[in-house]
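> 3D model of this:
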Amino acid sequence: MTAATPDTAGPDTAGPDTAGPDTAGPDTAGIVRRVVVDELRANQVTASAPLDQVTDDLVLGSGGLGISSLLLLHIFVKLEASLGFTFEDAAVAGARFATVGDLVRFVTSAAPAPRRAGET
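Numbering: from 1, shown residues only. As a prediction, the model looks like this:
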């Protein structure tokens, strides 16, 4: 996966607010927020917002959570492990992540569609 940089522009991806291993489901946003907070704490990043109040409008980079491009890469690795799928490098490299909501929308739109009974 290619590292992406938190950006100050608005979102350029959208998708359902949905997650679970190998499929999108209702708690994807919660998983994304949990991984962001866990990585901030693990890397001892001092955010300008309380970590227990991570909302979609919080800025990922400077002036917000203070997430660097390297930390964003770590977050994507953790999300891949948590959700059970791999993000396409080109999609990540071409996306802009200004806010937590941008990241949530990107992850939910990148998640594989749920499988129907009988599909393999």
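
> Pretty sure Asp102 sits against Arg96.
Yes: at 6.8 Å, Asp102 and Arg96 qualify as touching, with contact defined as CB atoms under 8 Å. For the C-beta atoms, the positions are set from N, CA and C on the backbone; glycine is no exception.

> between these two, which one's more packed in?
Asp102 (23 against 17; other CB atoms under 10 Å).

> which stretch of helix or strand covers that one?
helix 100-110 (DSSP states H and E).

> roughly how far is that helix from the heart of the chain?
6 Å (CA atoms, centre = their mean, to the nearest Å).

> which residues sit in contact with Leu65?
Counting by CB atoms under 8 Å, 6 or more residues apart in numbering, Leu65 touches Val36, Leu40, Val45, Ala47, Ser48, Ala49, Val54, Leu58, Val59, Val100.

> list the contacts for the fifth one?
Contacts were defined as CB under 8 Å, 6+ apart; by that measure Ser48 touches Gly63, Gly64, Leu65, Gly66.

> from those, which two are the most distant?
Gly63 and Leu65 (9.1 Å; CB to CB).

> What residue, apart from its backbone neighbours, is nearest Lys78 spatially?
Val35 (4.7 Å; CB to CB, 6 or more residues apart in numbering).
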